[in-house]
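1. What follows is a predicted protein model with its sequence.
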Amino acid sequence: MENNTNKETNAETSKLLMLGFAYYTGIDSMPKDYHKAVEYFTKAAELGDFEAQYNLGVCYDYGRGVAQDRKKAADLYQKAADKGHSIAQFNLASLYESGDGVPQDFVKAAEYYKASAEQDNDCAQFKLANCYYEGSRLREGYRVVHKSSSTRQQRSTIQFSYMPRQWQWRTKRLSASPKMVHRIGRTW
């Protein structure tokens, strides 16, 4: 009996989440309606769906369909992050870094960036590298940035190329990869 209830709950949350996405993005000839998206995301989040918790957090973070409330966004990101949602971890880390909606805490920010980076989130890898760099842990920062750039994702490579000159110089000295040195050297 319990197994059927779980299947029914999963089916229900999937439907609610899909309707929320449809209203949020305005796809499939549905009008874009953030208020209805929030309504469906809220119902799915109450059933424990971490994707819905993340999406509802985004709505509160940016004030889409609801009044902007970064504290509420942080609470929702926290719920999704606790279940392993990489982007929720990244967004929560950003809030801790800036102190929006939560007390500013660079240690917690680094912890959430690391959790997200370990799931191959290239933006989190870049931000974690910055945390290490700002904390004077250059070699660790280089390792993370090198991994980020080696994923060949354009965003991390572009961000990597805009790092300060002293970082590029030190990275160039630490680099064992001529291809990486060439990539860094082109920005000078």
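-> Sure thing, it's come through. Computed from a prediction, not measured in an experiment: that's the story for all the values here.

2. what about the spatially closest residue to D105 that is not a sequence neighbour, neighbour count?
-> Once flanking residues are discounted, D105 sits nearest to Y96: 4.9 Å by CB to CB, 6 or more residues apart in numbering. C-betas here are computed from N, CA, C, even on glycine. By other CB atoms under 10 Å, 23 other residues sit near Y96.

3. Use 59 as the first number from now on
-> Will do, 59 is the new start, and the previous item becomes Y154.

4. three-state assignment of Y154?
-> helix (DSSP: H, G, I helix; E, B strand; the rest coil).

5. Next: the one 5 residues further on.
-> Going by three-state DSSP, the secondary structure assigned to G159 is coil.

6. residues touching it, list them.
-> By CB atoms under 8 Å, 6 or more residues apart in numbering, the contact set of G159 is D127, R128, K129, K130, A131, A132, L153.

7. looking at those, which has the most residues close by?
-> A131 (27 neighbours).

8. Show residues contacting the host helix or strand of that one.
-> Taking DSSP states H and E as the criterion, A131 maps to helix 128-140. Helix 128-140 has contacts (CB under 8 Å, 6+ apart) with 103, 108-109, 111-112, 114-116, 118-119, 146-147, 149-150, 153, 158-160, 170, 173.

9. Recalculate using a threshold of 7 Å.
-> By CB atoms under 7 Å, 6 or more residues apart in numbering, the residues outside helix 128-140 that reach it are 103, 108, 111-112, 114-115, 118-119, 146-147, 149-150, 153, 158-160, 170.

10. Same check on stretch 75-90?
-> Identification of contacts with stretch 75-90 by CB under 7 Å, 6+ apart yields D91, Y92, K94, A95, Y98, F99, A102, D107, E109, A110, N113.

11. tell me the phi and psi of the fourth one?
-> Geometry field for A95 lists phi and psi as phi -60, psi -40, criterion degrees, to the nearest 10.

12. okay, now it: neighbour count?
-> 26.

13. Now for it: which residues touch it?
-> Taking CB under 7 Å, 6+ apart, we find A95 in contact with G78, Y81, Y82, C117, G123.

14. tally of neighbours for D158?
-> When neighbours are counted by other CB under 10 Å, D158 registers 14.

15. Got phi/psi on it?
-> phi -90, psi 110.
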